[in-house]
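Novice: quick check, what structure comes out for this input:
(chains A and B)
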2 protein chains.
Amino acid sequence: MTDDGKEVKEFKVTPIKNGTVIDHITCNTALKVLGILGLTEGGVNSTVSVLLHVPSKKAGWKDVVKIEDRELDAKEVDKIALIAPFATINIIRNYKVAEKHRVELPETVKGLVKCANLNCITNLQEPVESKFEVMSKDPPKLKCWYCERELEDISEYIV
Amino acid sequence: MTDDGKEVKEFKVTPIKNGTVIDHITCNTALKVLGILGLTEGGVNSTVSVLLHVPSKKAGWKDVVKIEDRELDAKEVDKIALIAPFATINIIRNYKVAEKHRVELPETVKGLVKCANLNCITNLQEPVESKFEVMSKDPPKLKCWYCERELEDISEYIV
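Specialist: Modelled structure (predicted):
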């Protein structure tokens, strides 16, 4: 759609020169991905496109997030894996896909998620980093390495 | 971008057959608009596109929200006016703009916003609907008709 709003058929998202396309996000999870990347609070200063509930050949429906002028660090990618285990990260440089990889959950998740048990050693202001065993990757299920509490809604506990 | 992720240059949002395009949303307000429309909780079941921080001829930067298979009711449009006073609502039917209008704040706002003053008569479980005088449209500023409290962050109080 052009800026003057007259032409709707040509609603088009222009390609980005540099940035990241996160594709194959679990449907209805893109806004949580924005939260993980700190893009929901305080606003953004480069163009961000979010597509919710679009057709996917692989999974029926998916979400897509495209962020201009930003590449993700390893910690951010691991956090995305916790809520969107089939996401692919495409790094765009000079209009081309410079790198492409699928997110992957490791066997243990350290320091990314807070334990739901308030009495867990990791929540008691001791110098103990949180650590979870990955019980299942799809959907992601985590169990605290210290208190054995299983996390139900992981996205609520991502730090 | 196609589903297999190979081609990034052609990242394109296909036109919608029926639905609503909300254009000229105040930059970095689109996620609040999604909240007003109930699209942030529980997910969506038609395609929704959100563009944050895109160039605008009129305002420098703007946000755009496009929702397939949904038209907005008057109350929703008035709520959007409270946070994005320059937004335009384009209703699409059969790929064409069937209706286009700009949101507009009335002189008084009734029942859309909760007063920030917990002791206001409108918050005391009396059968009194909230009512605000519109002090300024850009940025929107409201004053309670009953207790005269001015609302600072309107988006926090939209019901």
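Novice: quick one: the helices in chain A?
Specialist: Under the criterion DSSP state H, chain A contains helices at A:30-36, A:74-83.
Novice: tell me which of the ones you listed sits most buried.
Specialist: Mean neighbour count, computed with mean count of other C-beta atoms under 10 Å in any protein chain shown, is highest for helix A:30-36 among those, reaching a mean of 23. To be clear about C-beta, it is placed using only N, CA and C from the backbone, and glycine gets the same treatment.
Novice: for it, packing partners?
Specialist: Counting by 3 or more C-beta pairs under 8 Å, 6 or more residues apart in numbering or on different chains; DSSP states H and E, the packing neighbours recorded for helix A:30-36 are strand A:48-56, strand A:60-68, helix A:74-83, helix B:30-36.
Novice: swap the cut-off to 6 Å and go again
Specialist: Applying 3 or more C-beta pairs under 6 Å, 6 or more residues apart in numbering or on different chains; DSSP states H and E, we find helix A:30-36 packed against strand A:60-68, helix A:74-83.
Novice: for chain B, find the nearest of the ones you listed.
Specialist: Nearest to chain B, of all the helices and strands packed on helix A:30-36, is strand A:60-68, at 6.7 Å by C-beta to the nearest C-beta.
Novice: for chain A, just list every one of the strands.
Specialist: With strands called from DSSP state E, chain A shows them at A:19-26, A:48-56, A:60-68, A:88-93, A:96-102, A:108-110, A:131-137, A:140-144, A:150-151.
Novice: parallel or antiparallel, which strands does the last one pair with?
Specialist: Same thing as strand A:150-151. Strand A:150-151 pairs in its sheet with strand A:140-144 (antiparallel), by DSSP bridges.
Novice: state the mean pLDDT of the strand it pairs with.
Specialist: Across strand A:140-144, pLDDT averages out at 94.
Novice: and A:K12, what's its pLDDT?
Specialist: At A:K12, pLDDT is 50.
Novice: picking up where we left off before, pipe the helices and strands packed on helix A:30-36 into CSV and attach distance to chain B per row.
Specialist: Formatted as CSV, the helices and strands packed on helix A:30-36 follow (distance: least, C-beta to the nearest C-beta, whole Å):
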stretch, distance to chain B
strand A:60-68, 7
helix A:74-83, 13
